[in-house]
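1. Build me a model:
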Amino acid sequence: MARVVLVGLPGTGKSAVAQLVGEALQVPAVDTDAVLETRLPGGVAGYLTTFGEAPFRQEELRALEESIATDVVISTGGGIVETPAARELLAAQFVVWLDTTDEQLLPRLLTGDRPLLGEDKAQGIARLRERRSDWYANVADRKINCAGSIDEVAREVLLELGTE
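-> Okay, here's the model as predicted:
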């Protein structure tokens, strides 16, 4: 079983925080998006563009299933909560929701290929927040504001785990 699973919108720092928490706990950090980037033809963005969101969500679910079976810290793709089966899996884990304002997230999202945000990233992040926030709240054991530095956020996650 995973030590902790990080969920949240794109740009919240889940991958970087997972690395630091994993190092502190001396366990591997698994980024489901990084797993899929190497596994899927065309990577995450290419696969989403070519095959669509539904097949991508099934691949994402499989990556989550594989990851939670081991002693790791997991950072998930922002949309993991879109799949009912993934929400069910997350319910049995210790889940931390990283969140901050759209104004904080937007500068972090200006680079990189994020097809689900569309052309207008501000509208895209607002749309994703509206669609996903209730799901994040339902699966999360804790919610942490990720407006601070990656080090600060990782420290807060470790505090929530009772290890800091």
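
2. distance of residue 139 from residue 40?
-> In this structure, residue 139 lies at 24 Å from residue 40, with C-beta to C-beta, to the nearest Å as the measure. From N, CA and C alone the C-beta is placed, and that goes for glycine too.

3. Same question for residue 162.
-> Computed as C-beta to C-beta, the residue 162 to residue 40 distance reads 36 Å.

4. more crowded one of the two?
-> residue 40 (20 against 6; other C-beta atoms under 10 Å).

5. per-residue confidence at the more buried one?
-> You'll see residue 40 listed with a pLDDT of 94.

6. Could you verify my assumption that it touches residue 46?
-> Yes: using C-beta atoms under 8 Å, residue 40 is in contact with residue 46, at 7.5 Å.

7. For the most centrally placed residue in the chain, give me its contacts.
-> In the chain, the residue lying closest to the centroid (C-alpha atoms, centre = their mean) is residue 76, at 3.2 Å. By C-beta atoms under 8 Å, 6 or more residues apart in numbering, the residues touching residue 76 are 5-7, 14, 32-33, 60, 64.

8. In the protein, where is pLDDT below threshold?
-> 1, 110-119, 164 (pLDDT under 70).

9. how long is stretch 133-152 end to end?
-> 23 Å (C-alpha to C-alpha, to the nearest Å).

10. ok now that stretch, how far from the chain's centre?
-> Mean-position distance between stretch 133-152 and its chain equals 10 Å (C-alpha atoms, centre = their mean, to the nearest Å).

11. Any chance you could list what contacts the top helix by length along the chain?
-> In the chain, assigned by DSSP state H, the helix with the most residues is helix 121-139. Applying C-beta under 8 Å, 6+ apart, the contact partners of helix 121-139 are 7-11, 78-79, 81-82, 87, 90-91, 95, 97, 99, 102, 105-106, 109-110, 114, 116-118, 143.

12. Spatially, which residue comes closest to residue 22, not counting chain neighbours?
-> Nearest residue to residue 22, sequence neighbours excluded (C-beta to C-beta, 6 or more residues apart in numbering): residue 29, at 3.3 Å.

13. So what sits opposite that neighbour in the bridge?
-> Using DSSP bridges, the beta-bridge partners of residue 29 come out as residue 73.
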